[in-house]
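>>> everything below, folded, please.
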Amino acid sequence: TRYISVTGVQTCALPILTGLPNRAYFDHRLKALSRAQDGKATPLAVMMVDLDGFKAINDSFGHPTGDLVLKEMARRLRAEVGPGNLVARVGGDEFLVLCRRSPADAGGTPSALAQRILHSLSRSFTLPHAVEVKLSCSIGLVHSPEFGPPQRLLACADAAMYAAKRQGGSTFAVFEPRMEHDSREELALQTELRQALARNELVLYYQPKMDARSGLITGVEALVRWHHPVRGLVMPGVFIPVAERFGLIGQLGDWVIEEACRQLATWRAQGLRMRVAINMSAYQLRQDSLLPRLARAMGDHAIEPSQLTIEIIESVLMDDAAVRSFSGLASLGVGLSIDDFGIGYCNFALLRKLPVKQLKVDRSLFTDIQNSGDARSVVTAIVQMAHALNLRVVAEGVETERQRDTLLALNCDEMQGFLFARPMPAEKLTLWAMEGETPPVAGGFRPSLFMDADPALQDD
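Numbers count the residues shown, from 1 in each chain. From the prediction side, this is the model:
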């Protein structure tokens, strides 16, 4: 290991892998430049740069390949930051950038630099064995001296970086004071979420999917909710990002699998044969334990594989390790569906090879479909492509009768949305199915969902 001498102090760097200095050296330079000279502190900017999806590289190809990625990212960062500024590696896939602010030079402003870093780090490159990868990064940017002493600047950059993560990554966020509150709120939520898993505060709601022509129910989608003892009903848009950030998404996903299978067994005991779709994250798909865990849950509750559908968002198609698990899931006999289709990465050559049975068209593509020729053209193209591949098409997020009628005319197979039914607890869905209360939507369950139905209909 090499060392860099900083005012007589030996500071260990990280040169063996990336050639970049470490956090101690970065802290020293930040403090030195932050000291007032002639009564004025040097205007500075600090960036926290975190790679999006780097863990998937290590999980899929091993740490030696991950090291090659880190070295390439470090090289690109040095090239963009340039002389006179500083870039350091402070964690596995985290980097810090320190630069002087140059408001007179638009090309040299910190925001312009952050944009160039985003572009540079998102360029694809080829690993050994001709494997091409493409990552992105999330950047938090804070200006000095507006936001206090050096250590506070680092905390602010970190808060801004996680704000960029919450926006979906592959972007940068400039620090605002509210972001500190957001970070403290996330810390509190992750502690409470850990307790919620232990205290059985989570529950699955179920939203029906409707056959477009008959209006009958083809199955339901399981959606997780959190009944917080103080906050009340917490929606997944609030706590799922927290689970992903703090490493709880795997545990949460395991709970959903087990609970969905348990509920299917309960419905079977009540004489109701149901089909349930569950959402699965890229993290879960990368886990070697996924297939045995899913098989065990189905076996423990005597669930027919055809009663389960796994929904995976379209962006997962960018993750080679996750895609490789598709064939394993298909071998278990469960159905596979691509969710949010049409708004992310779409490789049609890959789609031909995937053992999927269903595409769910994202609602943003047809919100204005009754008035937009472009929207109709896009949905028509998706439906025709899907049908050519023998895939069923589900339009999710249908809210108006005009949307329903237009989508029906375009030959969508199934629909889901508030027009038909909102997500509901299992007990309410059971009463509805058993005709114990007034149905919340028109139509009913197709006969194949009942145990005493004609056997010829059981696999409709």
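>>> just how off-centre is stretch 354-371 within its chain?
Centre-to-centre, stretch 354-371 and its host chain are 18 Å apart (Cα atoms, centre = their mean, to the nearest Å).
>>> buried stuff in stretch 264-278?
264, 267-268, 272-278 (16 or more other Cβ atoms under 10 Å). (Each C-beta comes from the backbone N, C-alpha and C, glycine too.)
>>> reformat those residues as JSON lines; add secondary structure.
What follows is those, written out as JSON lines (DSSP: H, G, I helix; E, B strand; the rest coil):
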{"residue": "Leu264", "secondary structure": "helix"}
{"residue": "Trp267", "secondary structure": "helix"}
{"residue": "Arg268", "secondary structure": "helix"}
{"residue": "Leu272", "secondary structure": "strand"}
{"residue": "Arg273", "secondary structure": "coil"}
{"residue": "Met274", "secondary structure": "coil"}
{"residue": "Arg275", "secondary structure": "coil"}
{"residue": "Val276", "secondary structure": "strand"}
{"residue": "Ala277", "secondary structure": "strand"}
{"residue": "Ile278", "secondary structure": "strand"}
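>>> which one of the residues you listed is nearest Ser289?
Proximity of the buried residues of stretch 264-278 to Ser289 (Cβ to Cβ) peaks at Ile278, which lies at 16.4 Å.
>>> on that earlier part again, so which of the buried residues of stretch 264-278 comes closest to Asp340?
Comparing every one of those with Asp340 (Cβ to Cβ), the shortest separation belongs to Ala277, at 13.3 Å.
>>> output the below-cut-off pLDDT ranges for this protein.
For the chain, the stretches with pLDDT under 70 are 1-16, 36-41, 59-60, 101-108, 130, 147-148, 180-183, 318-321, 344-347, 433-460.
>>> just give me the residue closest to the centre of it.
Closest to where the C-alpha atoms of the chain average out (Cα atoms, centre = their mean) is Ser281, at 6.6 Å.
>>> as a markdown table, the buried residues of stretch 264-278 with distance to Asp50 would be great.
What follows is the buried residues of stretch 264-278, written out as a markdown table (distance: Cβ to Cβ, whole Å):
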| residue | distance to Asp50 |
| --- | --- |
| Leu264 | 39 |
| Trp267 | 43 |
| Arg268 | 45 |
| Leu272 | 46 |
| Arg273 | 46 |
| Met274 | 41 |
| Arg275 | 39 |
| Val276 | 35 |
| Ala277 | 32 |
| Ile278 | 29 |
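>>> tell me who's in contact with the nearest residue to the residue nearest to the centre of the chain once chain neighbours are set aside.
Spatially, and ignoring its direct neighbours in sequence, Ser281 is nearest to Ile249 (5.3 Å; Cβ to Cβ, 6 or more residues apart in numbering). Residues near Ile249 by Cβ atoms under 8 Å, 6 or more residues apart in numbering: 240, 243, 281, 283-284.
>>> hmm, 7 Å instead?
243, 281, 283 (Cβ atoms under 7 Å, 6 or more residues apart in numbering).
>>> check which helix or strand the first one maps to.
Using DSSP states H and E, Ala243 sits in helix 236-245.
>>> and that helix, what does it pack onto?
The helices and strands touching helix 236-245, judged by 3 or more Cβ pairs under 7 Å, 6 or more residues apart in numbering; DSSP states H and E, are helix 150-166, helix 178-199, strand 217-228.
>>> only C-alpha atoms, please: export the first one in CSV.
Which is helix 150-166. Output of helix 150-166 as CSV, limited to C-alpha atoms (Å, rounded to 0.1, in the frame of the first residue of the first chain):
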residue,chain,number,x,y,z
PRO,A,150,-16.6,20.6,6.0
GLN,A,151,-18.2,17.8,7.9
ARG,A,152,-21.7,19.2,7.4
LEU,A,153,-20.9,19.5,3.7
LEU,A,154,-20.3,15.8,3.5
ALA,A,155,-23.5,15.0,5.3
CYS,A,156,-25.4,17.3,3.0
ALA,A,157,-23.8,15.8,-0.1
ASP,A,158,-24.9,12.4,1.1
ALA,A,159,-28.4,13.5,1.7
ALA,A,160,-28.6,15.0,-1.8
MET,A,161,-27.2,11.8,-3.3
TYR,A,162,-30.0,9.8,-1.7
ALA,A,163,-32.5,12.3,-2.9
ALA,A,164,-31.2,11.5,-6.4
LYS,A,165,-31.6,7.8,-5.7
ARG,A,166,-35.2,8.4,-4.7
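>>> return the distance of the next helix or strand after it from the chain's centre.
Downstream of helix 150-166, the next assigned helix or strand under DSSP H and E is strand 171-174. Relative to the centre of its chain, strand 171-174 is centred 18 Å away, using Cα atoms, centre = their mean.
>>> not counting residues beside it along the chain, what's closest to Lys71?
With Cβ to Cβ, 6+ apart, the residue lying closest to Lys71 is Thr18, at 5.7 Å.
>>> ok, now Gly66?
Asn58 (4.1 Å).
>>> what about Ser122, how many neighbours?
Neighbours of Ser122 under the rule other Cβ atoms under 10 Å: 14.
>>> re the thing from before, got the angle for the helix holding Ala243 vs helix 178-199?
Orientation of helix 236-245 against helix 178-199 (axes from the mean of the first three to the mean of the last three Cα atoms, to 10 degrees) gives an angle of 90 degrees.
>>> next, the angle from helix 236-245 to strand 217-228.
Orientation check (the same axes, to 10 degrees): helix 236-245 against strand 217-228 gives 70 degrees.
>>> buried sites along helix 236-245?
Buried residues in helix 236-245 (16+ other Cβ under 10 Å): 239-244.
>>> just give me the closest of those residues to Leu336.
Ile240 (20.8 Å).
>>> look up the closest residue to Gln287, ignoring the ones flanking it.
Gly250 (6.5 Å).
>>> which SS class is that neighbour?
helix.
>>> quick check, it in contact with Ser281.
No. Taking Cβ atoms under 7 Å as the definition, Gly250 is not a contact partner of Ser281, at 8.1 Å.
>>> Gly168 and Ala159: what is the separation?
17 Å (Cβ to Cβ, to the nearest Å).
>>> I should have written Arg123 there, sorry.
Applying Cβ to Cβ to Arg123 and Ala159 gives a distance of 28 Å.
>>> hang on, Asp27 is in a helix, isn't it?
Yes. Looking at Asp27 with three-state DSSP, it is inside a helix.
>>> contact partners for it?
Each residue near Asp27 by Cβ under 7 Å, 6+ apart is listed here: Pro150.
>>> now the strands for the stretch 201-350 of the chain?
202-211, 217-228, 232-234, 276-279, 308-313, 335-341 (DSSP state E, counting those that start in this stretch).
>>> which other residues reach the helix or strand hosting Ala381?
Using DSSP H and E, Ala381 sits in helix 373-388. Outside helix 373-388, the residues that touch it by Cβ under 7 Å, 6+ apart are 341-342, 359, 361, 365-366, 368-369, 393, 406, 410-412.
>>> pull out the buried members of those.
If we count by 16+ other Cβ under 10 Å, those have these buried: 341-342, 359, 361, 365-366, 369, 393, 406, 410, 412.
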